[in-house]
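Engineer: Pasting a predicted model and its sequence here:
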4 protein chains.
Amino acid sequence: MSRVATLPATRRVGAMPSRPSLRVVATRDAEATRQRILAAAVAEFSGKGLAGGRVDAIAKAARTNKRMLYYYFGDKEGLYLAALEQAYVDLRRQEAELDLKRLPPREAITRLCEFKFDYFVRHPALIGLLTVENVHGARYLKRSKRLRELHVSLVETLAGLLRAGESEGAFRRGVDPVQLYLSIAALSYFYFSNRATLSTAFGRDLGRPQALAARRAHVVEVIQGYLRPERCDA
Amino acid sequence: MSRVATLPATRRVGAMPSRPSLRVVATRDAEATRQRILAAAVAEFSGKGLAGGRVDAIAKAARTNKRMLYYYFGDKEGLYLAALEQAYVDLRRQEAELDLKRLPPREAITRLCEFKFDYFVRHPALIGLLTVENVHGARYLKRSKRLRELHVSLVETLAGLLRAGESEGAFRRGVDPVQLYLSIAALSYFYFSNRATLSTAFGRDLGRPQALAARRAHVVEVIQGYLRPERCDA
Amino acid sequence: MSRVATLPATRRVGAMPSRPSLRVVATRDAEATRQRILAAAVAEFSGKGLAGGRVDAIAKAARTNKRMLYYYFGDKEGLYLAALEQAYVDLRRQEAELDLKRLPPREAITRLCEFKFDYFVRHPALIGLLTVENVHGARYLKRSKRLRELHVSLVETLAGLLRAGESEGAFRRGVDPVQLYLSIAALSYFYFSNRATLSTAFGRDLGRPQALAARRAHVVEVIQGYLRPERCDA
Amino acid sequence: MSRVATLPATRRVGAMPSRPSLRVVATRDAEATRQRILAAAVAEFSGKGLAGGRVDAIAKAARTNKRMLYYYFGDKEGLYLAALEQAYVDLRRQEAELDLKRLPPREAITRLCEFKFDYFVRHPALIGLLTVENVHGARYLKRSKRLRELHVSLVETLAGLLRAGESEGAFRRGVDPVQLYLSIAALSYFYFSNRATLSTAFGRDLGRPQALAARRAHVVEVIQGYLRPERCDA
DNA sequence: GATGAATGAGGGTTCATTCAT
DNA sequence: GATGAATGAACCCTCATTCAT
């Protein structure tokens, strides 16, 4: 499965010092092919599900042939899992890079809400993949070892923000960081995951820039409104 | 296209016109068969998607044979659409029966939040069906005429509640009823639609009674917290 | 999408209550189809091996379509096993019907030799199937429970014949019935199983009637010559 | 089918005539690679047939890569034919070296029987290859010119032995040397070619040393018993 | 109302083979 | 001599669907 890898040829070349470089550059660009396949798979599975996605369509979209999918990913499920993993890892990595701890609590929360919303806008296939995976009961995600670890840190960060916000009187008390995280995700995710049926039900396209902006602002408003200190009820 | 032909049962009936009760039984059985098929379809499509769902599996689960599916529903898509419609209509009908206008605004909102949450608990297949439908871009839902009308009234009800709440000082001002409706739905829906991946990510089962109760309370808390009048910031 | 509509058939039936039986005769002759498939499979696998045999070719030869093979036999291996089993069982059954015990020992042996030889002539595909199965280390035959029992009785019969022949001085002593059985089989089997290479090597067709007759006589001669009582050496 | 063509490597070596030792090594390696491929092919085709044998498996077993198979043997069939030819030629060559004419007739016959038996024991893949080839109707063997000639001499030798044995009263008269040759081969060959199904049928492993010894003795006994002069019946 | 038999299109997958390095 | 990447043909198999009873 590994490709590119260390070019054993150089040793031989070393025995003949008169012939230096020349084979440096490229394989027939295996990595590029692999990436094209992966991108095509993300799009296909995202829109049609695992069973509905067509291996032929992926190959064609990747401008390669079916055989290559099996060459690189073993089988259809392997390809699906690879696509899922990549999309998931990308999300978590960028989430981790937010570096929320440096910001004041309220701003950090706003930042997180907006990041999630914007990420879904910029990566429309992600929602589809996660949705599909959930339909299948996360059967495939469970096989992936790398993903379990990515969640913990963010919840810890949120917990820290909540504590800080509480002590400076910016936030209400007793907020569960896990629930808060779920709610932040939910308010954005649902809008995109159910966009099709909601657009149909409400008879207007939720994907219009104006609609997106309104929803983005609303999400922040809900979370910040909820987090306001409770004493103001009195 | 149409077949059916020879119906041995009816022949018997035709030969013995004195036994009308038999006919009733037959009719009742027919409806029962139809319902069993529909229920099986809901379960199958909900868990595996449209492409992943198997006609054979549905027939077996319904304790009938494939021919009956085609007899009653035309084809696989027709069956899928029927399943989707039924689930959807049931939801909207019960939502309509809530009769929120009779309640004070805050209570009405709480009632709505809890209803949605509880409904998903009691109808686990609904989430699956909606999710599947969204993966397919609501392609099938768009064909169904009955569904468009069911949404409007609820939003109108919500708008009324918001106005009433505002004037008695119970709610903040400027809340968009559509956004609010989406948020209420989102906070519950996401928890169930993504339960599989979230359970995997957090390493604990979100379906436990305790976890459900906590989430239910949180949803209400977020919405009510958000709706608190804004002047308390001052 | 859904239709059902008015059941035209019932009217017709109601109008003609005089039509009694009529559905007696036949399914669409499932058993015949099954047998055609089996026969085609025997021929195909016999001549090309399990891996070399083509499912398409079998379907075409059986004048049906591929799907039916799977309908009746599960998969390619299942079909292969069924073909093998049938061929094998047929052989053993006819072997059992020889009823050698009623004959004098020498005649019984001759009978057995000739039967085996003739059987291979009449069932040319059998050799091919057994050969293929042996190439695969009898992997599939081991799965078949029915076949183990068919061998024992014949060996016992042979043992009885040898004892009888010994006491009347017709046979030499100390002959192992299992070895004898193997030798009788070998002398005929090899001629057919290796006919292709032997014909090539010797430059003449071993399948000519004349050649067959000569080999048939030789086989009997070898076995009977071997079984002659040993005292004649003295 | 086989070509080999110009060995591009030698060109490179030819460009550096100052390093002669390299050439030897390269050549030796080349031949070693070829032999490893051939040995791996014999094993693979012997156990799985031509269609069932995998080019990848052969390459891996030979610790080289697929390209080399094509480099040395043209294509899969060419490799198969080369493997078959080698195995066949080896057998005939050793058979020719037996030099049976120097021995007294009876001993010569015994020698031949035992040689054949032992050869199959020492070259288990040979049986597999011949079997496979026979399944395919010796289609490939017919293409090989070298093989036709190898048989004649042995039959002539046998004919001489029979004549000699007859005149000294050691053998019966009228034995056809070709039939005798076939029978000698059959009694050993069948035991190995059908070992798998026979072991299954009799429920014991025919490959055990004890079983092998018993069969070996029996084969000689049958042939010698058969060849005894006929007058002893009187 | 119900059933077994039949069908063809197309799905995923594997294979021998070749190209470029 | 050797290797990874690429290819297309075909193979086994499955699916939704329909026919005849």
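Structural biologist: Here it is on my side, so go on.
Engineer: pretty sure residue A:155 is touching residue A:176, no?
Structural biologist: No: taking CB atoms under 8 Å as the definition, residue A:155 is not a contact partner of residue A:176, at 9.9 Å. (C-beta placed from N, C-alpha, C; glycine too.)
Engineer: any common contacting residues for the two?
Structural biologist: Common contacts of residue A:155 and residue A:176 (CB atoms under 8 Å, 6 or more residues apart in numbering or on different chains): none found.
Engineer: what packs against the longest helix along chain A?
Structural biologist: The residue-count maximum for a helix in chain A (DSSP state H) belongs to helix A:30-52. In terms of contacts (3 or more CB pairs under 8 Å, 6 or more residues apart in numbering or on different chains; DSSP states H and E), helix A:30-52 is packed against helix A:55-61, helix A:66-73, helix A:76-96, helix A:124-135, helix B:20-52, helix B:124-135.
Engineer: and the last one, how far out from the chain's middle?
Structural biologist: Averaged C-alpha coordinates place helix B:124-135 at 9 Å from its chain's average position (CA atoms, centre = their mean, to the nearest Å).
Engineer: now swap in stretch A:109-122 and tell me
Structural biologist: The answer for stretch A:109-122 is 12 Å, by CA atoms, centre = their mean.
Engineer: For that stretch, list every residue counted as buried.
Structural biologist: For stretch A:109-122, the neighbour count (16 or more other CB atoms under 10 Å in any protein chain shown) marks A:109-110, A:112-113, A:115-117, A:119-120 as buried.
Engineer: do the same with stretch A:69-82
Structural biologist: A:69, A:71-73, A:76, A:79-82.
Engineer: between these, which is closest to chain D?
Structural biologist: residue A:71 (12.5 Å; CB to the nearest CB).
Engineer: Show me the shaky parts of chain A.
Structural biologist: Within chain A, the stretches with pLDDT under 70 are A:1-28, A:145-150, A:231-234.
Engineer: Next, the distance between the ends of stretch A:50-63.
Structural biologist: Stretch A:50-63 has an end-to-end distance of 20 Å (CA to CA, to the nearest Å).
Engineer: who's in contact with it?
Structural biologist: Residues from elsewhere that reach stretch A:50-63, judged by CB under 8 Å, 6+ apart: A:33, A:36-37, A:39-41, A:43-45, A:47-48, A:65-66, A:68-69, A:76-77, A:79-80, A:132, A:136, B:48-52, B:136.
Engineer: Now do the residue positioned nearest the centre of chain A against chain D, distance only.
Structural biologist: By CA atoms, centre = their mean, chain A has its centre lying nearest to residue A:91, at 3.1 Å. Using CB to the nearest CB, to the nearest Å, one obtains 38 Å as the distance from residue A:91 to chain D.
Engineer: And the closest residue to residue A:34 other than its chain neighbours, how far from residue D:166?
Structural biologist: Closest residue to residue A:34 apart from its sequence neighbours, by CB to CB, 6 or more residues apart in numbering or on different chains: residue A:72 at 5.2 Å. Distance check for residue A:72 against residue D:166: by CB to CB, to the nearest Å, it reads 72 Å.
Engineer: Apart from its chain neighbours, what residue comes closest to residue A:195?
Structural biologist: residue A:206 (4.9 Å).
Engineer: swap that for residue A:76, please
Structural biologist: residue A:55 (5.8 Å).
Engineer: what's the burial count for that neighbour?
Structural biologist: Counted with other CB atoms under 10 Å in any protein chain shown, the neighbours of residue A:55 add up to 15.
Engineer: What of residue A:56?
Structural biologist: 12.
Engineer: Residue A:43 now?
Structural biologist: 20.
Engineer: for the one 4 residues further on, same thing?
Structural biologist: Other residues within reach of residue A:47, judged by other CB under 10 Å, total 18.
Engineer: still on that earlier bit, can you tell me if the longest helix of chain A touches DNA strand F.
Structural biologist: Yes: Helix A:30-52 reaches DNA strand F (CB under 7 Å from any atom of the strand) through A:30, A:33.
Engineer: buried set for that helix?
Structural biologist: Buried residues in helix A:30-52 (16+ other CB under 10 Å): A:33-34, A:36-52.
Engineer: How about stretch A:198-209?
Structural biologist: Quick answer for stretch A:198-209 (16+ other CB under 10 Å): A:198-202, A:206.
Engineer: Would you confirm that residue A:46 contacts residue A:132?
Structural biologist: Yes: under the criterion of CB under 8 Å, residue A:46 makes contact with residue A:132 at 7.0 Å.
Engineer: now what about the helix or strand in which residue A:222 is found, what contacts it?
Structural biologist: Per DSSP states H and E: residue A:222 is located in helix A:209-227. Around helix A:209-227, the neighbours that count as contacts under CB under 8 Å, 6+ apart are A:106, A:109-110, A:113-114, A:117-118, A:121, A:165, A:170-172, A:175, A:180, A:183-184, A:187-188, A:191, A:204-206, B:172, B:176, B:179, B:182-183, B:221-223, B:225-228, B:230.
Engineer: ok, 6 Å please
Structural biologist: Residues outside helix A:209-227 that contact it (CB atoms under 6 Å, 6 or more residues apart in numbering or on different chains): A:110, A:113, A:117, A:171, A:184, A:187-188, A:191, B:179, B:183, B:222, B:225-226.
Engineer: can you pull the buried residues of that helix?
Structural biologist: Under 16+ other CB under 10 Å, the buried positions of helix A:209-227 are A:211-212, A:215-216, A:218-227.
Engineer: cool, stretch A:122-138 as well?
Structural biologist: A:123, A:125-138.
Engineer: close to DNA strand E, is that stretch?
Structural biologist: No: counting by CB under 7 Å from any atom of the strand, DNA strand E is not contacted by stretch A:122-138; separation bottoms out at 13.6 Å.
Engineer: List just the nearest of the buried residues of stretch A:198-209 to residue C:98.
Structural biologist: Using CB to CB, residue A:200 comes nearest to residue C:98 of these, at 77.5 Å.
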